[in-house]
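1. sequence and predicted model, in that order:
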Amino acid sequence: MADSRVATGLGLAMLVCVVPALAWAIAALLPVDHGGAFETTYAAALPAARAPDLAAGLGLVVAGGLAATQPRTRRLGVLALLAGLAWFGADLEGAENAHALLRSLGAVVAPLTLVFVFHLALAVPDGRLRSRAARVAIIAAYALVVLLTVARALLRDPLLDLYCWRNCTDNSFLVHADAGIASALGNLLLWSSLAIALGLVAFAWRRLLRATGPGRRALLPLLGPALLVGASEATYAITLLLTPLEDPDQSGFAAIFLARSLSYTLLALGLAWSLLRVARARARLARLASDLGEAPRPGKLRETLAAALGDPGMEVLYPRSGWSRLIDADGRPADPPGPDRAVARIARAGRPLALVLHDPALVNEPELARALGSAAKLSVENEALRAEAMAQLHALQASRTRIVETADAARRRLERDLHDGAQQRLLALSYDLRLARAGAADDDDRELVSILDTAADETEVALEAVRELAHGIYPAILTEAGLGPALETLADEAPLPVELGDPPTERAAPGVERTAYVVVDEAIGDAARRGATWLRVGVRREAGRLVVALEDDGAPRSERLVHLLDRVGALGGFLDARDTTLRAEIPCE
């Protein structure tokens, strides 16, 4: 009810603005017999300019009034309506049959037309200025143009103005005539208009270049004509700076006026087209609420939203512990949204559910939040729970991976300690025993020689055991040479013939190579225990994974190989163990 009353009130306000504007615009543009006097408007001087002049001003007034009735385009509509009224300021200034006060007022408001359009372009698509630079530029433009226009009106005596042509008799705001200062203020006003026009061109061009594909298509109906407005107004200001006496009978001034009229008319049409696009977007949002109420497939919320809004770059993030920590639909950590993305916060009963990151040119945040009603929010909540479960699964996966990596690191340290510590000490002890035996043999002490021989033999046995233990804990060749040479060594030492294919020469991550090595090592021992007489091993890369495939001729497998299942699963891989075959897929990333 409240929205309906607001819309009705805005509609009445539009009529209040449009009807008087239409009345005095038609009166100002009707041909008047001036008795051969100098024509004071383009519409009066050029019959072909009357329709474009009327279309530009009334187009902005009507389109702006309609846009003002819609919540999303309300501010843009007000700016377009004001720009349309200000457009007729020049016609009102030159309307010789109008009251002197109205003609003086027309001279004051006419320069604001470009400022209103500049404000409208910076506020596209929803009327909000999103950057501090834009706010500063708008405030500076309004302040500069208003200050120069008012000061000029207070000091300009039309009778002393050598270059006047619209109104050379009336200035109801004159306080003190000073032709020199008034002329200087007029030139400053032209330079200011040139700067604003060029700023409008630069901003509109930059905004279109930086927009996404869908965003550019949504912005083009307004920013495209705004580019033309800026270019035509800049040309108009430069021409007046070079030729101060404006003469509509000159082809140059006439062409510029027609170009200006066309650009403003296109801006009005662009605003009308944007209203239709907003209506279609509202209809899509209504359908979106229905689609989400039917609960899309798990993990497909982003695709459903993107398809409904026509924004393929849309993202849906889910908060953990408030809005500070974010995850995506797969449960992976996500960065906070950047300044170029609009953010709609979706909550249920005061509890944050999701952030919808979208192109601000396509839909605004309040409309999207309203579209996601109670039924839709239930789907969003389900997606948030799924994302949280995925995040916990990733955390568990990472924990398992860290456990495996920690165990491998401990094995490497133990292997290094055995090789560089115990093994070296046993070698030194064996050397010392040989020296002692040689001394005992020289002294012909047979009993001591026998004891030292026994000690040397035990030392050799212990040294061999340490070598085997160190080799089994973590093969150094795997770290130094890679998976291929390590598997070849493993095949040479296997208790049964092993047919080894050509493993990939490209190195993988240490954890991946270690896991593949362990799979082959365990498979060799398992095949031998089942009485196999041969084992075939194949290792290859396939779609970002390292695939290890093994086959033997032994008895059917009875063990589950839980150790291998855990180890491969810790890296996010997959292990399939059948009767006489085994296949492991290990992600290489």
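-> In hand now; what should we look at?
2. for residue 78, give its distance to residue 201.
-> Using CB to CB, to the nearest Å, one gets 23 Å for the distance from residue 78 to residue 201. To be clear about C-beta, it is placed using only N, CA and C from the backbone, and glycine gets the same treatment.
3. please apply the same query to residue 434.
-> Taking CB to CB, one finds residue 434 at 94 Å from residue 201.
4. neighbour count for those two, which is higher?
-> residue 201 (19 against 14; other CB atoms under 10 Å).
5. hang on, residue 520 packs against residue 493?
-> No. At 11.9 Å, residue 520 does not count as touching residue 493 under the criterion of CB atoms under 8 Å.
6. so which of the two has more stuff around it?
-> residue 520 (25 against 10).
7. can you tell me the SS state at that one?
-> Following DSSP: H, G, I helix; E, B strand; the rest coil, we place residue 520 in the helix state.
8. report pLDDT for residue 211.
-> Residue 211 carries a pLDDT value of 82.
9. once you drop chain neighbours, what's closest to it?
-> residue 219 (5.7 Å; CB to CB, 6 or more residues apart in numbering).
10. tell me who's in contact with that neighbour.
-> The neighbours of residue 219, taking CB atoms under 8 Å, 6 or more residues apart in numbering as the test, are 124, 125, 207, 208, 211, 361.
11. show me those residues that map onto helices.
-> Among the contacts of residue 219, the residues falling in helices (DSSP state H) are 207, 208.
12. closest one of the contacts of residue 219 to residue 585?
-> residue 211 (42.3 Å; CB to CB).
13. state the number of residues packed around that closest one.
-> 19.
14. for residue 154, see how far away it is.
-> With CB to CB as the criterion, residue 211 and residue 154 are 43 Å apart.
15. after the helix or strand of the chain with the lowest mean pLDDT, heading C-terminal, what element do we hit next?
-> Least confident element among the helices and strands of the chain, by mean pLDDT, DSSP states H and E: helix 2-29 (a mean of 51). Where DSSP states H and E defines the elements, the next helix or strand beyond helix 2-29 is helix 42-45.
16. quick one: buried residues of whichever helix or strand comes after that next one?
-> Using DSSP H and E, the next helix or strand after helix 42-45 towards the C-terminus is helix 47-67. By 16 or more other CB atoms under 10 Å, the buried positions in helix 47-67 come out as 49-50, 52-67.
17. please apply the same query to stretch 559-567.
-> Buried-residue list, stretch 559-567, by 16+ other CB under 10 Å: 561, 564, 567.
18. quick one: contacts of that stretch?
-> 400, 404, 515, 518, 519, 522, 526, 575, 577, 582, 584.
19. scan those and report the most crowded one.
-> residue 584 (28 neighbours).
20. leaving out the residues flanking it, which one is nearest to it?
-> Nearest to residue 584 is residue 548, by CB to CB, 6+ apart, at 4.5 Å.
21. center of the protein - which residue?
-> Here the mean C-alpha position of the chain is nearest to the C-alpha of residue 341 (CA atoms, centre = their mean), at a distance of 5.7 Å.
22. quick one: it and residue 335 touch, right?
-> No. Judged on CB under 8 Å, residue 341 makes no contact with residue 335 at a distance of 10.9 Å.
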